[in-house]
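**Q** Pasted the sequence and its predicted model underneath.
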Amino acid sequence: MTGDSSAIDSTRPSIARVYDYLLGGKDNYAVDREIGDVFKRDLPGSVAIAFANRAALTRAVTEIVTTTGVRQFIDLGSGLPTADNVHQVAQRRVPDARVVYVDTDPQVLVHGRALLEENDRTRVVPVDVRDPEGIRNHPDTRELIDFDRPVAVMFSAILHHVNDDEDPAGIVRYWRDRVPSGSCFFVSHFRSGNNPETAEAEKVLQATFGRGRWRTDTEIEALLDGLDILEPGIVPAPLWRSAEAGTPWKGGQRELTVWERLIAAGMARKP
């Protein structure tokens, strides 16, 4: 989300690279693995958060392209590529879907430039998520996204890196006010659990990156003010539109671990 996009610094941990490591990727350095190993060693089970989040994002993209007419996506704080990126999930079903990825991590931008060479319906915009005006007015965004048509705005595991004094609700509100009716908003967010695991994991993240704020379900829901939150509401990510949750997404088939409950997900629609 933050940092100098001109050079990759292998001596400082990167949010994107730590996440990549936890997902089993190879685009990370020793400093990133050191932080990732804190979670693996001291907070056993916490790696499930990364997988639960990615799976929920994949389901959200699939849901949007198969049940709505939305064909353009803005993925804010997109991170490093994994097996199923937003454009891959969307274009698998709708080949003309368009995706703008937004990130300032230098390594993400390196991958983004490679991505542009093979996909003319995808762009990577190097603007901080806290500068929505800069994102919307970036030439690559303007080239790819038609703001007269509905847009899917994806806040996957990014708003918990935005402190309260940086107005995360204002960031969502900016996009809400500038996309047409029928646009979709997906949010996944670290979820306060009022337990030792939550406190320790939040402490590790804040000590590592100097920022971050885990929020309650009510606070996460408030970020989507003015939008119609779709069923099943703000719920633990593994239960969001998942076969594990049963139908209609109530009463899971198994008990979630404390870690799986620490990432919430929800989707909303602009009326």
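**A** Here it is on my side, so go on. The shown structure was predicted, so the numbers you read here are calculated from the model rather than taken from an experiment.
**Q** low-scoring stretches of the stretch 51-200 of the chain, by residue?
**A** The model of the stretch 51-200 of the chain has pLDDT under 70 over residues 79-83, 108, 111-112, 115-116.
**Q** 80 instead?
**A** The model of the stretch 51-200 of the chain has pLDDT under 80 over residues 77-84, 105-118, 193-195, 197-198, 200.
**Q** dump the residue contacts of the spatially most central residue of the chain.
**A** By Cα atoms, centre = their mean, the mean C-alpha position of the chain lies nearest to Ser156, the distance being 1.3 Å. Neighbouring residues of Ser156 by Cβ atoms under 8 Å, 6 or more residues apart in numbering: Asn53, Leu57, Asp75, Leu76, Gly77, Ser78, Phe186, Val187, Ser188. C-beta here means a position set from N, CA and C on the backbone, and glycine is covered the same way.
**Q** what's the closest of the residues you listed to Lys203?
**A** Asn53 (19.6 Å; Cβ to Cβ).
**Q** what sits against Arg17?
**A** Asp27, Asn28, Tyr29, Asp32, Leu80, Asp105, Gln107.
**Q** ok, now how distant is the fourth one from Tyr21?
**A** Distance, Asp32 to Tyr21, by Cβ to Cβ, to the nearest Å: 5 Å.
**Q** any chance you could map the helices in the protein?
**A** According to DSSP state H, the chain carries its helices in the segments 15-22, 30-42, 47-67, 86-93, 106-118, 132-136, 139-144, 168-178, 196-209, 217-222.
**Q** which outside residues touch the longest one?
**A** By Cβ under 8 Å, 6+ apart, the surrounding residues in contact with helix 47-67 are 19, 22-23, 39-40, 70-71, 73, 82, 84, 86, 89-90, 93-94, 97, 152, 154, 156-157, 184, 186, 188, 190, 236-238, 240-242, 257, 259-260, 262-263, 265, 267.
**Q** Name only those of those that count as buried.
**A** Neighbour-count burial (16 or more other Cβ atoms under 10 Å) applied to the contacts of helix 47-67 gives 19, 22-23, 39, 70-71, 73, 82, 86, 89-90, 97, 152, 154, 156-157, 184, 186, 188, 190, 236-238, 240-242, 257, 259-260, 262-263, 265, 267.
**Q** Out of the residues you listed, list just those in strands.
**A** Counting by DSSP state E, the buried ones among the contacts of helix 47-67 place Phe73, Ala152, Met154, Ser156, Cys184, Phe186, Ser188, Phe190, Pro236, Ile263, Ala265, Met267 in strands.
**Q** ok so, going back, take the contacts of Arg17 and write them to TSV, including distance to Arg213.
**A** Listed next are the contacts of Arg17 as TSV, based on distance: Cβ to Cβ, whole Å:
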residue	distance to Arg213
Asp27	26
Asn28	24
Tyr29	26
Asp32	22
Leu80	23
Asp105	20
Gln107	25
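**Q** from these, which is closest to Asp165?
**A** Asp105 (22.4 Å).
**Q** What is the neighbour count of the closest residue to that closest one other than its chain neighbours?
**A** Nearest residue to Asp105 in three dimensions, chain neighbours excluded: Ala16, at 4.3 Å (Cβ to Cβ, 6 or more residues apart in numbering). Neighbour count for Ala16, taken as other Cβ atoms under 10 Å: 25.
**Q** Equivalent analysis for Pro180, please.
**A** Residues near Pro180, counting by other Cβ under 10 Å: 12.
**Q** Isn't it up against Arg149?
**A** Yes. Between Pro180 and Arg149 there is a contact under Cβ atoms under 8 Å: 6.7 Å.
**Q** Val31: what's it in contact with?
**A** By Cβ under 8 Å, 6+ apart, the contact set of Val31 is Ser10, Thr11, Arg12, Pro13.
**Q** Check the gap between the closest residue to the second one other than its chain neighbours and Tyr21 for me.
**A** Using Cβ to Cβ, 6+ apart and skipping the chain neighbours, the partner closest in space to Thr11 is Val31 (6.2 Å). Remark: distance between Val31 and Tyr21 (Cβ to Cβ) = 10 Å.
**Q** Equivalent analysis for Asp105, please.
**A** Applying Cβ to Cβ, the value for Asp105 to Tyr21 is 13 Å.
**Q** Please identify the most buried of the helices of the chain.
**A** helix 15-22 (a mean of 24; mean count of other Cβ atoms under 10 Å).
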